[in-house]
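*Asks:* Just to be clear, the model below is a prediction. Sequence and coordinates:
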Amino acid sequence: MSSAAAPSVALAPVRGVRATWWYTVGAVIFFEVIIGMLWIADQVERGTGDASIVATLALGATWCLATLQLLRDYRHRTPEHPPVASRFGWIAIGVVALVATGALLLVGGGEMVAVIMLAQAVALLGWRPGLRWKIIAMVTAAIVAVMLVAGPFSAAGADLQEGARFVAVYGSLLPAMTVLSLWWWDVLITLDRARASEARLAATQERLRLATDVHDLQGHHLQVIALQLELAARLMPRDSEAGMAQLALARASVDDARQGTRDLATRFRSVPLRDELANAQDLLRAAGQDATAVCTPDIDDAPADVLGPVIRETTTNILRHGTPGGVRLSLSREGSGWVYGADNATDAAGSGLGSGLNGIADRLAASGGTLRVQRGEGRFTVTVRVPGAEGAA
C-alpha cells in the first residue's frame with residue numbers, strides 16, 4: 001500500500017544573467033523616459049505648442065536609441081582591456097551630441113536637457129572602475145553648475161516653471177543612478193564568473209581525487225600481484241601446488257583490481273537524479289518541446305544508478321519519436337520504492353519496445369524493477385517502478 005505522497009517540487013529552468021541585464025537596460029531607459037516626460041511637462045507649462053512637443057518626442061526617442069547602443073557596448077566589453085567605446089559607440093555619442101544640439105536650438109528651455117544628455121552619454125562609456133566615479137563627479141558638477149548659473153535655479157531662470165526645476169534636479173542625479181545600475185550589473189557578472197570558476201575548480205578537484213583513488217587502488221593491487229607472482233616463481237621448482245595456489249591468488253587479485261576500477265568509474269560517472277531531470281528538461285526544451293519535470297524533495301534517496309540510465313534513455317526516445325504536444329517527466333516515491341514516468345505526444349505506430357527500452361527493461365529486471373509502456377490517443381507513456389534500497393538489497 002502506498003504511503004502518502006510527498007509534495008512535488010517543479011524543477012525551474014536554468015537561467016543565466018540575461019534577465020538581470022534586461023532589468024539594467026530597462027532601468028536606464030526608464031530614467032531617460034522620466035527626463036523626457038518632465039521635459040514635455042515643462043513644454044506644456046510653457047505653452048510652446050504641438051510642434052515643440054513633437055520635436056521633444058523625436059529627440060527623446062533618438063536619445064534612447066543611442067543609449068541602447070552605448071549599453072550594448074558596455075555589456076560586450078572585455079574586462080582585461082575595456083575600450084571606452086566601440087566604433088558604433090562613438091557614432092552613438094555623435095548622435096547624442098546632435099540630439100543635444102537639437103534640444104538646445106529647436107526646443108524652448110532645452111539648455112538643461114542638452115547638458116543632461118551629454119552627461120548621461122559620458123556616464124555610459126566604459127571607463128575604468130577607478131576613473132568612472134571621478135568622471136561622474138565631474139559631469140554631475142557640470143550639471144549643477146549649469147543649473148545654478150544659466151538654468152532654472154539661476155537669477156535669469158527665476159521665472160521658469162516648476163517643470164524645468166524638476167528636470168534639473170532629476171537630471172543632476174541621472175549619471176549617478178545610471179552608474180549604480182551598471183555597477184550592479186558588474187557585481188552580477190563578477191559573481192557569475194566566480195561561480196563558473198568554482199565549477200571548473202570543483203571539476204578539477206574531482207579529477208585529481210579520481211586520479212589519487214586510481215593510483216592508490218591500482219598501486220595496492222599491482223604491489224600485491226607482484227609479490228604473489230614472485231612467491232609463485234620461488235615455489236614452483238620445489239612445490240608446484242603451492243606455486244599454482246599463488247598464481248590463482250594473483251589472478252583473483254587481478255579480478256579485484258578490475259572490479260575496483262569499474263566501481264570507481266561508476267561512482268565518478270554518476271549524476272544526481274535532480275540534475276538528470278533538469279538536464280533532460282533543458283534538452284527537451286531546446287528541441288522545441290514544452291517540457292516540465294517534477295520530483296519529490298527526497299529525490300536524493302532514489303537509486304541513481306538504476307534510474308539515471310532510464311531518464312537518459314526515455315529522453316532520447318522522446319527526442320527521436322516525440323511530436324509537439326507537451327512532455328512531462330516525474331519521479332516520486334511509492335511506498336518503499338520509486339516511480340518514474342515519462343509522458344509525451346507521438347504519432348509513431350507499433351507495439352514493440354525498441355532496443356533502447358528493451359535494454360532498460362533488462363536492467364530493471366536485474367534490480368527488481370518493472371517497465372510499463374502505454375500508447376493511446378496520440379500519447380506515449382513510460383512508467384518505471386523500482387524498489388528502494390532495502391528492496392534492492
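*Replies:* On my side now, so go ahead. The model shown is predicted, which means the values in this text are computed figures rather than measured ones. Numbering: from 1, shown residues only.
*Asks:* Can you show me the strands along the protein?
*Replies:* Using DSSP state E, the strands found in the chain span residues 9-10, 291-295, 322-334, 337-346, 370-376, 379-386.
*Asks:* And the longest one, what does it pack against?
*Replies:* Contacting strand 322-334 under the criterion 3 or more C-beta pairs under 8 Å, 6 or more residues apart in numbering; DSSP states H and E are the following elements: helix 273-286, strand 291-295, helix 304-321, strand 337-346, strand 379-386. Glycine gets a C-beta too; all of them are placed from N, C-alpha and C.
*Asks:* Would you list the phi and psi of Thr296?
*Replies:* phi -80, psi 160 (degrees, to the nearest 10).
*Asks:* what's the burial count for it?
*Replies:* Neighbour count for Thr296, taken as other C-beta atoms under 10 Å: 18.
*Asks:* distance of it from Ser330?
*Replies:* As defined by C-beta to C-beta, to the nearest Å, Thr296 lies at a distance of 9 Å from Ser330.
*Asks:* now do Val339
*Replies:* 8 Å.
*Asks:* And Ile318, by the same measure?
*Replies:* From Ile318 to Ser330 the distance is 14 Å (C-beta to C-beta).
*Asks:* Neighbour count for these two, which is higher?
*Replies:* Counted by other C-beta under 10 Å, Ile318 and Ser330 do not tie: Ile318 has more neighbours, with 25 against 17.
*Asks:* Correct me if wrong: that one contacts Val327.
*Replies:* Yes. Contact criterion C-beta atoms under 8 Å: Ile318 and Val327 qualify, at 5.9 Å.
*Asks:* residues bridging contact with these two, i.e. touching both?
*Replies:* 284, 289, 342, 344 (C-beta atoms under 8 Å, 6 or more residues apart in numbering).
*Asks:* Of those residues, which is the most crowded?
*Replies:* Asn344 (26 neighbours).
*Asks:* Do I have it right that that one meets Leu329?
*Replies:* No. Using C-beta under 8 Å as the test, Asn344 is too far from Leu329 to be in contact (9.1 Å).
*Asks:* Now do the contacts for the spatially closest residue to Trp185 that is not a sequence neighbour.
*Replies:* Using C-beta to C-beta, 6 or more residues apart in numbering and skipping residues adjacent in sequence, the residue nearest Trp185 is Thr24, 4.6 Å away. Shown in contact with Thr24 (C-beta under 8 Å, 6+ apart): 71, 181-182, 184-185.
*Asks:* Can you select the buried ones from these in ChimeraX?
*Replies:* Buried members of the contacts of Thr24, defined by 16 or more other C-beta atoms under 10 Å, are picked up in ChimeraX with:
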select :71,181,182,185
